[in-house]
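Engineer: Need coordinates for the below:
(chains A and B)
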2 protein chains.
Amino acid sequence: MAILMPCLPEGTLPSESIIMQVFEILGCALTDMAKEGLVSEALVDSFNLPIFIPTGNEVKGVLSNIEHLTIEKSEEINYPPNLSNLEDVRLCIGHVRAVMEGILCENFGAELLDQLFESTSPKLVLCIADLGCSTGTNTFIAVQNIIEALELLYRSRSRGLDTDQIPEFQVFFNDHSSNDFNTLFKSLPPNRQYFAAGVPGSFHARLFPNSSLPFIHSSYALHWLSRVPIEVMDESSPAWNKGRIHYTNAPKQVGEAYATRFAKDVEFFLSARAQELVAGGLLALFLPAVPDVLSNSDTVIGTELDLLGSCLMDMAKEGLVSEAKVDSFNLPLYYTSHKELKELIGRNEHFTIERMENLNNPKKHVILPKPSMRA
Amino acid sequence: MAILMPCLPEGTLPSESIIMQVFEILGCALTDMAKEGLVSEALVDSFNLPIFIPTGNEVKGVLSNIEHLTIEKSEEINYPPNLSNLEDVRLCIGHVRAVMEGILCENFGAELLDQLFESTSPKLVLCIADLGCSTGTNTFIAVQNIIEALELLYRSRSRGLDTDQIPEFQVFFNDHSSNDFNTLFKSLPPNRQYFAAGVPGSFHARLFPNSSLPFIHSSYALHWLSRVPIEVMDESSPAWNKGRIHYTNAPKQVGEAYATRFAKDVEFFLSARAQELVAGGLLALFLPAVPDVLSNSDTVIGTELDLLGSCLMDMAKEGLVSEAKVDSFNLPLYYTSHKELKELIGRNEHFTIERMENLNNPKKHVILPKPSMRA
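Structural biologist: Residues are numbered from 1 along each chain as shown, chains lettered A, B, ... in the order given. Predicted structure coming up:
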């Protein structure tokens, strides 16, 4: 004969057991419903669950007193109670309903039962992060779109069965510690349908607990490098970026130094996100890039940065700023391409690309004349 | 004959099922281990689980083709997949281990198995909130103490069995939207062992999702009222607080107006926290209070505020500030007593008091002479 039954681990208080907590929650909910007049107090008072949860030793004690019976093997299947755990409580309440629906229904009626379990089953919570939020209104529009899409998904999945299972949302707005979070917090939409939090720190490292986010969004932020590549500021390096503030029209070593830094940054970024996303979670990245068919010096942003650097050099020649200062200044921005980004993501073992899209048609790109030809 | 078996709900993709996801996670973990040389790639490649999860209709199709067998009843026990759910994944991985330990052990060996399940079982995450954090260093000390205590608790509970089950911590620092979060974020301890987030908003309303926090802490903050009681600014009310900025030595109606506001604020505070705490969660409140044996006018803070008000009135008499301005200014601070707070908490149906302690011995209180007697 094999007996499998729920027991309290030795040395655990009944109040530490989830199942006992669930019974207490149901008891409280029934008392509340009695206060609201939905069920008679006498009915609640007279109802007691015919369940006793012993410890393993208590069971052994009882069994060893029975003649003709010896215990061949006794084993604890460990399922440590986790009082802080919403999902354990959700699951437990579901299991309790499955097992006790009969006895509860008989005593309180089917209608009350739905209300009882609805009121005791905690709502789902979905956490979303926006990385590189700055102070601004853009981020609130993006977040609103994401939440509306997720709500739609949950509504379509619930197929009308669990309409109260639309989750609550908590949104984490991240940017550098030096970001103006005060302005961000003051501009939060007052009628937002989510709980807001700010998370300071670089997204090139961990920002959130393990497996805590099902959805991470980052728009127009990942092209910022964690720092300027060291080589481009080093006079002795072939990648020294003299007389420019960016890699447009620079020797190829400068562009390579930028590309190497970007590759490392993307690796750090993806590794951190892989730990923070739940299994099956989604990362949505928007970043400015150069079309595969063009080089950086053929794009608007590339030529503009080149122009800016050339203006600074003109000012240095007029003595308005020191040339050394211009030489040592470099923008930590990198414009990747579709092909390059695809390769970098492919190199990371934690992510697969669900969908990748160019938001611009390369044919529509306006190619500006080079600064030297504009004067 | 009754058959109970796992099935995919109709219209669900296999990739939407948690159990399939768990198999995929285990597969990825094995591939990773092969890359690290912990197991031979050939062994992983040659191993396939002899499991197929059909849909309910597929099962029915197969059964209906068997002669002499009719289906009397077919029922779906609904357990909706929740891909975003850390705890579902944890539980599933535990169940998979219980069921498949034999087959996995036979193929890969017992030692590898421990490593496999350790690497795939996500870490626990515990969230803590400090309400009324201001910008400062106090809050970091309190949070450090809380985390050390919780770590100790988890270490003692795990009884050496699950040392990798010490949770990761996420700490939410809350204060008004007008709080200087920029300074707070810049002063975060650089070597902190937790993930930090700032949450802007009044703690007299909801700040966090349902059942998301096992521990909430608030120190020296709840004595701030949500606003000055309206009556004390109303010339036509018997509670008009003319010539004072606080209720010390004011007509009893002023003190009563403050007490009523405090009672409402505590009610709002506790109701919001009751929704945010997980079942069995803990709320730790520290707040400055007046000993039961003393009145507010006998305490240092009471007499100081009275003195401040009387100075402002003196300045009004000298024409340095308008008397109306002093009359209309009142500090939104209330100093409760042990007895009063106990009653207010008792009135709320969601909380019971685990422990309540005076941090000061009333006998040690220094009673200052009243301002009128100091000159």
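Engineer: From now on I want contacts and neighbour counts done on CA atoms only, so please keep to that.
Structural biologist: Will do.
Engineer: What about A:E318, how many residues nearby?
Structural biologist: A:E318 sits with 11 neighbouring residues when counted by other CA atoms under 10 Å in any protein chain shown.
Engineer: So for the residue nearest the centre of chain A, what pLDDT did the model give?
Structural biologist: Geometric centre of chain A, nearest residue: A:L213, 2.7 Å, by CA atoms, centre = their mean. Note for A:L213: predicted pLDDT of 94.
Engineer: how many neighbours does the residue of the stretch 201-350 of chain A at minimum distance from chain B have?
Structural biologist: Nearest residue of the stretch 201-350 of chain A to chain B, counting by CA to the nearest CA: A:P214, 5.1 Å away. Using other CA under 10 Å, A:P214 has 21 other residues around it.
Engineer: Quick check on the closest residue to it other than its chain neighbours: phi, psi?
Structural biologist: Counting by CA to CA, 6 or more residues apart in numbering or on different chains, A:P214 lies nearest to A:G281, which is 4.4 Å off, once chain neighbours are set aside. Backbone geometry at A:G281, expressed as degrees, to the nearest 10, gives phi -70, psi 170.
Engineer: what about A:L30, is that helix, strand or coil?
Structural biologist: Classification of A:L30 using DSSP: H, G, I helix; E, B strand; the rest coil returns helix.
Engineer: What's the local residue count around it?
Structural biologist: The tally of other residues near A:L30 (other CA under 10 Å) stands at 26.
Engineer: Against A:R227, how distant is it?
Structural biologist: Applying CA to CA, to the nearest Å, the value for A:L30 to A:R227 is 59 Å.
Engineer: for A:G198, same thing?
Structural biologist: From A:G198 to A:R227 the distance is 23 Å (CA to CA).
Engineer: quick one: which of these two has more around it?
Structural biologist: Ranked by neighbour count (other CA under 10 Å), A:G198 and A:R227 place A:G198 first, with 27 against 14.
Engineer: So the more buried one is in contact with B:G198, correct?
Structural biologist: Yes - with contact defined as CA atoms under 8 Å, A:G198 reaches B:G198; the gap is 4.8 Å.
Engineer: Would you agree A:L126 falls within a strand?
Structural biologist: Yes - according to three-state DSSP, A:L126 belongs to a strand.
Engineer: so what's it up against?
Structural biologist: Contact partners of A:L126, counting by CA atoms under 8 Å, 6 or more residues apart in numbering or on different chains, are A:167-170, A:213-214, B:84.
Engineer: State the phi and psi torsions of the residue lying closest to A:N179 once chain neighbours are set aside.
Structural biologist: Sequence neighbours aside, A:S134 is the residue nearest to A:N179 in space, at 6.4 Å (criterion: CA to CA, 6+ apart). Dihedral angles of A:S134 (phi, psi; degrees, to the nearest 10) stand at phi 60, psi -150.
Engineer: ranges for the helices of chain A?
Structural biologist: With DSSP state H, the ranges of helices along chain A come out as A:18-35, A:41-46, A:56-64, A:86-108, A:110-120, A:137-158, A:181-186, A:252-276, A:300-317, A:323-328, A:338-347, A:371-374.
Engineer: Let me have those in TSV, extended by distance to A:P288 and mean pLDDT.
Structural biologist: TSV is the format used below for the helices of chain A (distance: least, CA to CA, whole Å; pLDDT from 0 to 100):
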stretch	distance to A:P288	mean pLDDT
helix A:18-35	50	80
helix A:41-46	63	88
helix A:56-64	62	85
helix A:86-108	39	75
helix A:110-120	46	76
helix A:137-158	16	89
helix A:181-186	23	97
helix A:252-276	13	96
helix A:300-317	10	90
helix A:323-328	25	93
helix A:338-347	10	95
helix A:371-374	22	59
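Engineer: Rebuild those as a markdown table, extending it with distance to chain B.
Structural biologist: Formatted as a markdown table, these follow (distance: least, CA to the nearest CA, whole Å):
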| stretch | distance to chain B |
| --- | --- |
| helix A:18-35 | 8 |
| helix A:41-46 | 16 |
| helix A:56-64 | 17 |
| helix A:86-108 | 6 |
| helix A:110-120 | 10 |
| helix A:137-158 | 9 |
| helix A:181-186 | 6 |
| helix A:252-276 | 9 |
| helix A:300-317 | 31 |
| helix A:323-328 | 27 |
| helix A:338-347 | 14 |
| helix A:371-374 | 40 |
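Engineer: Can you lay out those helices as CSV showing distance to B:F52?
Structural biologist: Compiled in CSV, these are given as follows (distance: least, CA to CA, whole Å):
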stretch, distance to B:F52
helix A:18-35, 32
helix A:41-46, 46
helix A:56-64, 36
helix A:86-108, 25
helix A:110-120, 33
helix A:137-158, 23
helix A:181-186, 50
helix A:252-276, 29
helix A:300-317, 54
helix A:323-328, 62
helix A:338-347, 30
helix A:371-374, 65
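Engineer: So chain A: which segments form each domain?
Structural biologist: Per automatic domain parsing, the structural domains of chain A span A:14-120, A:125-374.
Engineer: Might you enumerate the residues of the stretch 151-300 of chain A proximal to chain B?
Structural biologist: Within the stretch 151-300 of chain A, the positions near chain B by CA under 8 Å from any CA of the partner chain are A:168-170, A:172, A:177-182, A:185-186, A:195-200, A:207-214, A:278-281.
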